[in-house]
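Asker: turn this into a model:
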Amino acid sequence: MAWAELAIAFSVFFASHSLPLRPAVRSRAEGLVGRRTFLIAYSTLSVAVLAWLIVAAGRAPYVALWPWRAWQMHVPALVMLPACLLVALAIARPNPFSFGGRDNDTFDPDRPGLVRWCRHPLLAAMALWAAAHVIANGDLAHALLFGTFAAFALAGMKIIDRRRQREMGAGWLSLSDAVAASPLLPVPVSSKALALRLAAGLCLYLGLLLLHPLVIGVSPLP
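Answerer: Residues are numbered from 1 along each chain as shown. Model (predicted):
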C-alpha cells in the first residue's frame, strides 16, 4: 500500500507540473484568474505535492541500497549551502535562457552574473539538493524520489534550452556567444545587491537547518 501511495504521488506530481505549464492550458488559466493568482496557486500546489511525495517516501518499506555510513550525513549539510546561494543569486534576476527570471529584456550579456557559468542555476540547485539527499538516505524509496528530481532537473536544462532556441531563433545563439565572451568572473551590477542576495542565501540555509527536524523529523546535522 505504501508503494502504491508513492506511485500515485509521483503521478500527481508529474501531472500537476506538466499540464499547467502547457502554453494553451496556462494561457487559459491566466485568462480566467490572472497571472498572479495562477502563479500563487501553482506554487502552492507544487509545495503541497512535494510534501506529499516526501511523506509517501518516508512511509515506504525500507530497502537499503548500500550500507549507511556516518559521513553520508555531512553531504547534504555541505551541498545545501551552495544550492541555497544559487537560489538566492538567481531567483527573480534577468535570465532569458531559463525560468525563474524577471525583467529578461534588461539582461546584460556583458554582466550575466551566474548565467556566465550556468544557464539554469535554479535547476542546478535542484539537482544538487536531490543528489545530496540520495547519498544521505541510501534506500530505495528515497533514491526513487530524489533520483527522479535530479534527473528531472538535468533533463529540464536540455528541454528548456531547446524551447528557448525555438522561441528566440538565431538570437539565442548570438546571446549565448556574447555571454561566453564576457569575463569569467562577472562584475556584479551592484555590490550591495550581491551582498544582500548572499545574505539571503545564508539565511535560507540556516532556516532549512532549523526547520528540517521540525518538518521532516530528522536533524540534518551529524
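Asker: for the host helix or strand of residue 213, buried residues please.
Answerer: Per DSSP states H and E: residue 213 is located in helix 191-215. Going by neighbour count (16 or more other C-beta atoms under 10 Å), the buried part of helix 191-215 is 197, 200, 201, 204, 205, 208, 209, 212. In this view, the C-beta of every residue, glycine as well, is placed from N, C-alpha and C.
Asker: count of neighbours near residue 29?
Answerer: Other residues lying near residue 29 total 18 when counted by other C-beta atoms under 10 Å.
Asker: what's the distance between it and residue 41?
Answerer: Applying C-beta to C-beta, to the nearest Å, the value for residue 29 to residue 41 is 8 Å.
Asker: likewise for residue 198?
Answerer: Distance from residue 198 to residue 41, by C-beta to C-beta: 31 Å.
Asker: same thing with residue 186?
Answerer: As defined by C-beta to C-beta, residue 186 lies at a distance of 35 Å from residue 41.
Asker: neighbour-wise, which of those two wins?
Answerer: It is residue 186, of residue 186 and residue 41, that has more neighbours when counted by other C-beta under 10 Å, with 17 against 13.
Asker: how far away is residue 107 from residue 89?
Answerer: 15 Å.
Asker: what does residue 32 give?
Answerer: Distance, residue 32 to residue 89, using C-beta to C-beta: 34 Å.
Asker: more neighbours: the two, which one.
Answerer: Counted by other C-beta under 10 Å, residue 32 and residue 89 do not tie: residue 89 has more neighbours, with 20 against 9.
Asker: tell me what the host helix or strand of that one is packed against?
Answerer: For residue 89, the host element (DSSP H and E) is helix 74-90. Judged by 3 or more C-beta pairs under 8 Å, 6 or more residues apart in numbering; DSSP states H and E, helix 74-90 is in contact with helix 121-137, helix 191-215.
Asker: tell me how far the helix or strand following the first one lies from the chain's centre.
Answerer: Same thing as helix 121-137. Counting by DSSP H and E, the next helix or strand C-terminal to helix 121-137 is helix 140-168. Taking the mean of its C-alpha atoms, helix 140-168 sits 10 Å from the chain's own mean (C-alpha atoms, centre = their mean, to the nearest Å).
Asker: which other helices and strands contact the least confident helix or strand in the chain by mean pLDDT?
Answerer: Least confident helix or strand, the chain: helix 23-33 with a mean of 76, by mean pLDDT, DSSP states H and E. Here helix 23-33 touches helix 35-59, going by 3+ C-beta pairs under 8 Å, 6+ apart.
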